[in-house]
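Asker: Structure of the sequence below:
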Amino acid sequence: MNDVQIYTDGACRGNPGPGGWGALITTAGSDQELSGAENETTNNRMELTAAIMALREVPAGSKVDLYTDSKYVMDGLNEWMPAWKKRGWKTADKKPVKNQDLWQALDEANARHQVRWHWVKGHAGNDGNERVDRLANKAIDILLGEG
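Answerer: Numbering: from 1, shown residues only. Next up, the predicted model:
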């Protein structure tokens with residue numbers, strides 16, 4: 001069983017607009033950075049993608065502490081998702097859940113591990129959070145030919 005620390009973040013220039021995501025995976029003192037970008041997306045989709053990609057990268061059965069500055073991701077997974085599943089991926093007002101594809105992918109990736117989710121305030125000097133924010137924004141720069 002691996003002990004893993006993950007930081008994730010998403011960024012978007014315009015919402016929707018070009019977006020990027022970043023993740024930092026720390027295991028036994030070694031760091032792995034992941035990032036990516038999409039031309040037309042939303043900040044929420046990038047936040048979800050960061051968590052999915054990081055959790056997929058970690059060996060199954062790991063003990064993971066995942067840090068995010070997205071209440072949307074953390075509350076969605078831990079509070080809203082059970083009700084969405086019971087209602088066939090519908091919200092309380094019977095509308096389809098936005099980003100259902102990514103929520104289902106996150107649910108699957110999360111289930112492979114023992115994950116403890118932690119919320120951190122964004123842009124508040126947390127080193128891990130600041131690092132993944134830079135990764136997400138650099139991915140956008142590269143996508144736009146600016147980096």
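
Asker: Sketch out the strands for the chain, chain order is fine.
Answerer: 3-12, 17-27, 30-41, 63-68, 114-119 (DSSP state E).

Asker: got the angle for the third one vs strand 3-12?
Answerer: Right, strand 30-41. Calculated by axes from the mean of the first three to the mean of the last three Cα atoms, to 10 degrees, strand 30-41 forms an angle of 30 degrees with strand 3-12.

Asker: average model confidence for strand 30-41?
Answerer: Average pLDDT, strand 30-41: 97.

Asker: For that strand, buried residues please.
Answerer: By neighbour count on 16 or more other Cβ atoms under 10 Å, the buried set for strand 30-41 is 34-38, 41. In short, each C-beta sits where N, CA and C put it, glycine included.

Asker: what's the answer for the fourth one, then?
Answerer: Neighbour-count burial for strand 63-68, with 16+ other Cβ under 10 Å as criterion, is recorded at 64, 66-68.

Asker: same deal with the last one?
Answerer: With burial defined by 16+ other Cβ under 10 Å, the residues of strand 114-119 counted as buried are 115, 117.

Asker: got any ranges where this structure has weak pLDDT?
Answerer: 1-2 (pLDDT under 70).

Asker: mind running it again at 90?
Answerer: Across the chain, the ranges flagged by pLDDT under 90 are 1-2, 28-29, 122-125, 147.
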